[in-house]
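J.: I'll drop the sequence and a predicted model, then ask my questions.
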Amino acid sequence: MPIAAINVYLGQIPAVLAERRLIAADGASVPHMKNPRQVVKIWERVAYGDLQEKKPATPGILKLIGIGVKHVKKS
């Protein structure tokens, strides 16, 4: 497995865990919390990230999806 794929997978682990917390807490514990909306917003931010924050794709990630990267010298 390419290192880039492993790095992408490791980066997704916190989001997957937060998403599972959201699913588990949906009907179980959130209604009984003092600030349920604030807790859910924190979990959503961890699970889905800030929508406005976009990171540029690295050459390794582009290679994973079949896009070749060619570095050209500036003239």
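T.: Looks like it came in fine.

J.: next structured bit after the helix or strand hosting residue 21?
T.: Counting by DSSP states H and E, the secondary-structure element that holds residue 21 is helix 3-25. Under the assignment DSSP H and E, the closest C-terminal helix or strand after helix 3-25 is helix 36-48.

J.: can you pull the buried residues of that following helix?
T.: Along helix 36-48, these residues count as buried under the neighbour rule (16 or more other Cβ atoms under 10 Å): 39, 40, 43, 47. Every C-beta, even on glycine, is put in place using the N, C-alpha and C of the backbone.

J.: Which other helices and strands does it contact?
T.: When contacts are defined as 3 or more Cβ pairs under 8 Å, 6 or more residues apart in numbering; DSSP states H and E, helix 36-48 sits against helix 3-25.

J.: where's residue 42 relative to residue 55, distance?
T.: When distances are taken as Cβ to Cβ, to the nearest Å, residue 42 and residue 55 turn out to be 21 Å apart.

J.: ok, now residue 36?
T.: Residue 36 sits at a distance of 31 Å from residue 55 (criterion: Cβ to Cβ).

J.: Just to check, residue 60 is in contact with residue 67?
T.: No: with contacts counted by Cβ atoms under 8 Å, residue 60 stays clear of residue 67, the gap being 10.9 Å.

J.: These two: who's more crowded?
T.: Neighbour comparison, residue 60 and residue 67: the larger count goes to residue 60, with 14 against 10 (by other Cβ atoms under 10 Å).

J.: Is that one in a helix, a strand, or coil?
T.: When the structure is reduced to helix, strand and coil (DSSP: H, G, I helix; E, B strand; the rest coil), residue 60 reads as helix.

J.: Quick one, grab the pLDDT at it.
T.: Note for residue 60: predicted pLDDT of 88.

J.: Just list the residues touching it, thanks.
T.: Residue 60 makes contact with 2, 3, 4, 7, according to Cβ atoms under 8 Å, 6 or more residues apart in numbering.

J.: circling back to that earlier point, now flag whichever of the buried residues of helix 36-48 is closest to residue 20.
T.: Sorting the buried residues of helix 36-48 by how near they are to residue 20, with Cβ to Cβ, puts residue 47 at the top with 8.7 Å.
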